[in-house]
Structures are given as structure tokens and as C-alpha cells.
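In: how does the following fold in three dimensions:
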Amino acid sequence: MFSIIVISINRIYLVERLFLSLCKQIYKNFEIVFIYGPSINKDDIDALCNLFSNLPIRTFQSQDNCLSRSRNLALSKIRGDFFAIPDDDCVYEPSTLELARELFEKYPLISAIMGKHVGLDESCERKNTAPVFLTRYAIFNNCPSYIQFYRSSILPNVGFFDENLGVGSHTPYQSGEETDFALRTMQAGFAIARAESVLVHHPYENLQNPSLRRKVHAYAAGRMYLLRKHHFSFIFMIVNVFYPLVILPYECLRECIYMIKYRIAMFFYRLINIIGTK
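Out: Next up is the predicted model:
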């Protein structure tokens, strides 16, 4: 059985979309452990659960807004052989849990699976390739929480999430708790693999969000702390610092190419239709 850990500190309006996707899962043997923040009204939680009465949902209120502490509360409640930690604003494909379960059963040496992120409304061709074992550098670079799936049997060796990390913690390090958990899973001797077939939809960052700069500041502190905590090389730390500047010209060029193609197509089709269609 899968335990789906869902945390919503103050965005319960987003959870309905996730729950709708869970209703459509091919694999039905799962439970939802739903942790909600202290600012959310219990009546709203009851109304949401009544709306999805067909889903096996157990709800618990967190003591504060610390995401890591909320996830640890959930971990102490799970009953499944496997668990996942989707964000409250992501969406699973109907086959997401089924494919993760099949991989765990087919590859007993794999203790954690990292799926593939696609945009919220983005379609993506599923690649039924064999899972690829990851290095700790690959884990650090591209393993957000919402694509992570684990065997519950790792917990006695790995422990819970570091409550000094993540959104709502009492430290400046407002990110990185899920990466830290994955790295500690590998350090404990468990194998982690990437599975391109396990798809999870999640919105891309809104670059026009006025609070983005504050978020980048908080997340950067967590990222660099994590590099120090896990003793990554100084060279790798420097690469992380300069990466945003190095990748910027490529990203600008890519967006320009997309816009050029769009505007040329607009011009061409307006031109050929200038006298009307027949």
C-alpha cells in the first residue's frame, strides 16, 4: 500500500486538484495522510474530505507552519509499504502510483524512485525505460519533493526530515529538507533511481510573482547550507553559485527563438489571408 503525504499549511484551495487526480489512479491501494496548518478551519477540512468521501483520507492538524515538522508528523502516522510526498499544488497522472509500485516490485534493490516533473498543463510522452541509478550530485540537482517515492522500510535507518530546514523552519534555511532526506537515504546505503515513466505535473515558477525575490533569497540560503552540511566540494559550491549566470544566455536565446518562430508564423499566416480565405 502507498501512503500519500499531503501537507497544506494555508493553500487548501489547491488540494482539491490533487485529490481529483488521486481519484483517477489506476492503483487504488493507497491512503492519504493529510496534514493541515493551524490557520485552516477544521470545517473547511471536513467539507473537503466529504467532497472526496471515496478517498481514504486521515487528517491531522500541525502545531505550526513548519513543513518539515508537518511531514514528520505524517511519517509517524503512515501505514503503507511505500510513501510519497507530493506538493499540495501538483497533480499525478492516472498511472503514477501504479508505475512506481511496479518498479519497486521489479527492482527490490531500489529504495527510492525519483519521477519526472512536467508542467501542470504540459503533455509528455511516457518513456518506459529502465530506471537509472543516481549519484548524490544528480540528487542534489534535480529531485524536488513532489517527484519522490520511497519504501517505508528505510525510515528506521534514515530517520525523519531535518526540522532545521524547509519552509516555516526557525532558521534562515527555508528549503532543502527533501533533498537532505534523499541524500541521507543514499548515505544510509539505499539505492535511488530515476524513472522517466513516473510523471508528476507541477506548475513552473511564475517569474512575475512579486514575492519571487524573497523566495529565491530564502531558498538560496537553504541550498548553500545543504552543500556545506553534506560536504560537497568547494568547486561544486562555486559551480552552484555561478550556474544562474552561466545558464542565463542560453535561456534568453531559447525564449527568443520561441518568440521569433511565433511572430514569423503570425506574420506569414496573416499575409496569406490578407484577401480572405476561399
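In: determine the longest helix present in this protein.
Out: The longest helix of the chain (DSSP state H) is helix 234-272.
In: from the chain's centroid, how far away is that helix?
Out: 24 Å (C-alpha atoms, centre = their mean, to the nearest Å).
In: that one: which residues count as buried?
Out: For helix 234-272, the neighbour count (16 or more other C-beta atoms under 10 Å) marks residue 240 as buried. C-betas here are computed from N, CA, C, even on glycine.
In: who does that helix touch, helix- and strand-wise?
Out: helix 212-229 (3 or more C-beta pairs under 8 Å, 6 or more residues apart in numbering; DSSP states H and E).
In: can you give the distance from the helix it packs on to the centre of its chain?
Out: Distance, centroid of helix 212-229 to centroid of chain: 17 Å (C-alpha atoms, centre = their mean).
In: which of the residues in it are buried?
Out: For helix 212-229, by 16+ other C-beta under 10 Å, it's 218, 220, 221, 222, 223, 224, 225, 226, 227, 229.
In: quick check: the fifth one touching residue 180?
Out: What it means is residue 223. No - applying C-beta atoms under 8 Å as the test, residue 223 and residue 180 come out as separate, 10.6 Å apart.
In: I'd assumed residue 116 was in a helix, is it?
Out: No - using DSSP: H, G, I helix; E, B strand; the rest coil, the secondary structure at residue 116 is strand, not a helix.
In: identify the residues contacting it.
Out: If you count contacts by C-beta atoms under 8 Å, 6 or more residues apart in numbering, residue 116 has them with 124, 147, 194, 195, 196, 197, 198, 199, 200.
In: could you do residue 122 as well?
Out: By C-beta under 8 Å, 6+ apart, the contact set of residue 122 is residue 201.
In: now with 10 Å, please.
Out: For residue 122, the contact set (C-beta atoms under 10 Å, 6 or more residues apart in numbering) comprises 199, 201, 202, 203, 204.
In: show me the shaky parts of the chain.
Out: 276-278 (pLDDT under 70).
In: so which residues of it form strands?
Out: 2-8, 30-36, 57-61, 82-84, 91-92, 110-118, 132-133, 148-151, 191-201 (DSSP state E).
In: just want the angle from the longest one to strand 110-118.
Out: Spelled out, it's strand 191-201. Put simply, strand 191-201 runs at 30 degrees to strand 110-118, going by axes from the mean of the first three to the mean of the last three C-alpha atoms, to 10 degrees.
In: against which helices or strands is strand 191-201 packed?
Out: If you count contacts as 3 or more C-beta pairs under 10 Å, 6 or more residues apart in numbering; DSSP states H and E, strand 191-201 packs onto helix 12-23, strand 91-92, helix 96-106, strand 110-118, strand 132-133, helix 136-141, strand 148-151, helix 177-187.
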